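1. Sharing a sequence plus its predicted fold:
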Amino acid sequence: MTDPILTLSGISKSFPGVRALHEVSLELYPGQVTALIGENGAGKSTLVKTMTGIYQPDAGEIRVGGQLVTLPTAISASDVGITAIHQETVLFDELSVAENIYLGHAPKNRFGLIDWGKMRREAQETLDSMAAGIDAGMPLKELGIAKKHLVAVARALSVDAQVVIMDEPTAALSQKEIEELYVLVELLKKDGKAILFISHKFDEIYRIADRYTVFRDGEQVGKGFIKDTPQADIVKLMVGRSVEQIFPARQVTIGDTVLEVSGLSHPTEFENVSFSVKKGEILGFYGLVGAGRSEVMQAVFGMTKPSAGTMMLEGQTIAPKTPADAVSAGIVYVPEERGKQGVITGEPIFKNVSLPSLDKTSRSGFLRMAEEYALARTYTERLDLRASSLSQNVSTLSGGNQQKVVIAKWLATLPKVIILDEPTKGIDIGSKAAVHEFMGELVAQGLSVIMVSSELPEVLGMSDRIVVMREGLVVDTLENNDLQPETLVSLAAGIVEEKAA
């Protein structure tokens, strides 16, 4: 057997409150594609950043060609032959194709200056060897997404990369462009490159991968040859975890429909999305990267404008043009990116909580700080917020407590529907349990909860019904009666069950 080009052994990486990787291993072989498979949050991105010098591991070793290496910077990773092509290519529109390919390592003349003619010739030779059909002298901004991916691959070839990481490379491509990418992957294999291919699409994995490695909760749980492994076995490796926390039992009578969404569409993000949520119900939304779940919720909340569709709240048609319209109607949204969209860093807790409810804490146009404090205290105490005082800067709180601040500020508006987008992302187990318990309290009080989550135990443990999305479409809506995680993953990944012969 050919020796691996790249070997990772015992790699561990932790962040405050989160263990991202724990003693994981990976081998990449010349002329072969290894698929890295796992749920969102399994540790794939952390591993890629470790391989490309963005993160440094807490433990473990990396070997390239059998030699032990350290990767303190992205440049050091490039120097040993590791390059990455991301879902969103990091290129510069105002530069030419050749300049993008040779940025940072342009050929020099005898005076130490860039040899522009040689750079363009060599760039064109690389592009022609790939049958890219791109003029090396043209501005990059004139190319589409697929062609920009080809330029990113040409850049990898120009630095003589031994290891090429392709992170969700087909997410924004048409089927024709995907087929062209497959041809390119075959060219890279013939050139002896070791390829790490990260994708949630099983048809892609089984089309081009030779080997697979499965991550779950920051650990490697399986590896092998694709041709020897049924899809169902890989799905079981992905989801076969023990539930780490007990989800609170709920005895809630589900009432009438509160929010009904019909035929909601967006020109680029989702199409013909329909669902309803009832009083006292938790409606889960599950899907893989690019499924369009958050984009749908942002449209419901008035952050983006849908191209078609209708929404009815308690029997009345609504069409929120802004988040303020949605809040006035009784719909609130707790975003996934709480640090960027949920809280105002630099401001104290009480101001964050009272911000959407200033009409309740002001008189004759003047804010009354005592009432702001009282409002904030009421809702933060319900959520068991851990802080030294309500004047504490929100940026100094842990991720879990920041999440509680975001939920508290929206609860103070007395909503009818609360949308929780990845409500426990990046927070510790104790805080997760507190958020889950409070979700149960919300529906017990008659609120309707929509929960977008990529964590299967959370979706299955908290939802009454589950909407599964894939590539901007609703695949199915399921009653959560003894649902198996394999069912959700298969629907979200587009896996067709193998028929008995």
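-> Noted; the coordinates are in hand. Numbers count the residues shown, from 1 in each chain.
2. So which residues of the stretch 101-250 of the chain form strands?
-> Secondary structure of the stretch 101-250 of the chain (DSSP state E, counting those that start in this stretch): strands at 163-167, 194-198, 211-216, 219-225.
3. Could you list the low-confidence segments of the stretch 51-200 of the chain?
-> Applying pLDDT under 70 to the stretch 51-200 of the chain flags residues 87-89, 171-175.
4. next one: the stretch 301-450 of the chain
-> The model of the stretch 301-450 of the chain has pLDDT under 70 over residues 337-343, 346, 356, 358-359, 383-384, 398-400, 426-431.
5. Can you show me the helices along it?
-> Using DSSP state H, counting those that start in this stretch, the helices of the stretch 301-450 of the chain run over 323-329, 349-354, 369-382, 399-411, 429-444.
6. report the angle between the axes of the third one and helix 429-444?
-> On the basis of axes from the mean of the first three to the mean of the last three C-alpha atoms, to 10 degrees, helix 369-382 is oriented at 100 degrees to helix 429-444.
7. Please list the outside residues in contact with helix 369-382.
-> Residues from elsewhere that reach helix 369-382 (C-beta atoms under 8 Å, 6 or more residues apart in numbering): 349-351, 353-354, 357, 360-362, 387, 390, 404-405, 408-409, 411-412, 438, 441. From N, CA and C alone the C-beta is placed, and that goes for glycine too.
8. Now restrict these to buried residues only.
-> 349-351, 353-354, 357, 361, 387, 390, 404-405, 408-409, 411-412, 438 (16 or more other C-beta atoms under 10 Å).
9. that older thread, how about the strands of the stretch 101-250 of the chain, which one is nearest Ala329?
-> Closest to Ala329 of the strands of the stretch 101-250 of the chain, according to C-beta to C-beta: strand 163-167, at 38.8 Å.
10. Show me what the closest one packs onto, helices and strands only.
-> Contact partners of strand 163-167 among helices and strands, from 3 or more C-beta pairs under 8 Å, 6 or more residues apart in numbering; DSSP states H and E: helix 44-51, strand 82-85, strand 194-198.
11. could I get those as JSON lines with distance to Ala146 and mean neighbour count?
-> Converted to JSON lines, those look like this (distance: least, C-beta to C-beta, whole Å; neighbours: other C-beta atoms under 10 Å):
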{"stretch": "helix 44-51", "distance to Ala146": "22", "mean neighbour count": "22"}
{"stretch": "strand 82-85", "distance to Ala146": "12", "mean neighbour count": "24"}
{"stretch": "strand 194-198", "distance to Ala146": "17", "mean neighbour count": "24"}
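12. Now tabulate these in a markdown table and tack on distance to Glu269.
-> Supplementary listing: the helices and strands packed on strand 163-167 in a markdown table, determined by distance: least, C-beta to C-beta, whole Å:
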| stretch | distance to Glu269 |
| --- | --- |
| helix 44-51 | 22 |
| strand 82-85 | 23 |
| strand 194-198 | 22 |
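13. what's the closest of those to Leu420?
-> helix 44-51 (22.4 Å).
14. Can you spell out which helices and strands pack onto that closest one?
-> strand 6-15, strand 18-28, strand 82-85, strand 163-167, strand 194-198.
15. give me that answer again for 7 Å
-> Counting contacts by 3 or more C-beta pairs under 7 Å, 6 or more residues apart in numbering; DSSP states H and E, helix 44-51 is packed against strand 6-15, strand 18-28, strand 163-167.
16. Can I get the strands of the stretch 101-250 of the chain in TSV including distance to Met469?
-> TSV is the format used below for the strands of the stretch 101-250 of the chain (distance: least, C-beta to C-beta, whole Å):
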stretch	distance to Met469
strand 163-167	21
strand 194-198	20
strand 211-216	22
strand 219-225	25
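17. Ok, which of the ones you listed comes nearest Ile466?
-> Of all those, strand 211-216 comes closest under C-beta to C-beta, at 20.3 Å.
18. from the middle of its chain, how far away would the closest one be?
-> Put simply, strand 211-216 sits 18 Å off its chain's centre (C-alpha atoms, centre = their mean, to the nearest Å).
19. Run the angle between it and helix 44-51 for me.
-> Per the same axes, to 10 degrees, the angle that strand 211-216 makes with helix 44-51 is 110 degrees.
20. Which stretches in the stretch 251-400 of the chain count as strands?
-> For the stretch 251-400 of the chain, the strands defined by DSSP E, counting those that start in this stretch occupy 257-265, 273-278, 282-286, 308-313, 316-318, 331-334, 362-363, 366-367.
21. quick revisit: okay, the helices and strands packed on helix 44-51 in a markdown table with mean neighbour count and distance to Lys44 next?
-> As requested, the helices and strands packed on helix 44-51 are exported to a markdown table (neighbours: other C-beta atoms under 10 Å; distance: least, C-beta to C-beta, whole Å):
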| stretch | mean neighbour count | distance to Lys44 |
| --- | --- | --- |
| strand 6-15 | 18 | 12 |
| strand 18-28 | 19 | 10 |
| strand 163-167 | 24 | 8 |
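22. Which residue, other than its chain neighbours, is closest to the spatially most central residue of the chain?
-> By C-alpha atoms, centre = their mean, the chain has its centre lying nearest to Val289, at 5.5 Å. In this structure, Val289 finds its nearest non-sequential neighbour in His200, 5.6 Å apart by C-beta to C-beta, 6 or more residues apart in numbering.
23. what's the distance between that neighbour and Phe225?
-> 20 Å (C-beta to C-beta, to the nearest Å).
24. Of the two, which one has the most company?
-> Each of His200 and Phe225 has its neighbours counted (other C-beta atoms under 10 Å); His200 has more, 24 against 11.
25. Identify the residues contacting the more buried one.
-> Each residue near His200 by C-beta atoms under 7 Å, 6 or more residues apart in numbering is listed here: 288-289, 493.
26. Got the phi and psi for it?
-> phi -100, psi 0 (degrees, to the nearest 10).
27. Which of the helices or strands spans Ser490?
-> Ser490 is part of helix 485-493 when elements are defined by DSSP states H and E.
28. if you compare the helices of the stretch 301-450 of the chain, which one is most tucked away?
-> helix 349-354 (a mean of 26; mean count of other C-beta atoms under 10 Å).
29. Surely Gly461 is in contact with Phe247?
-> Yes - between Gly461 and Phe247 there is a contact at 3.4 Å, judged by C-beta atoms under 7 Å.
30. picking that back up, same list, the helices and strands packed on helix 44-51, but as JSON lines with distance to Ala156 please.
-> Conversion of these to JSON lines gives the following (distance: least, C-beta to C-beta, whole Å):
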{"stretch": "strand 6-15", "distance to Ala156": "14"}
{"stretch": "strand 18-28", "distance to Ala156": "14"}
{"stretch": "strand 163-167", "distance to Ala156": "5"}
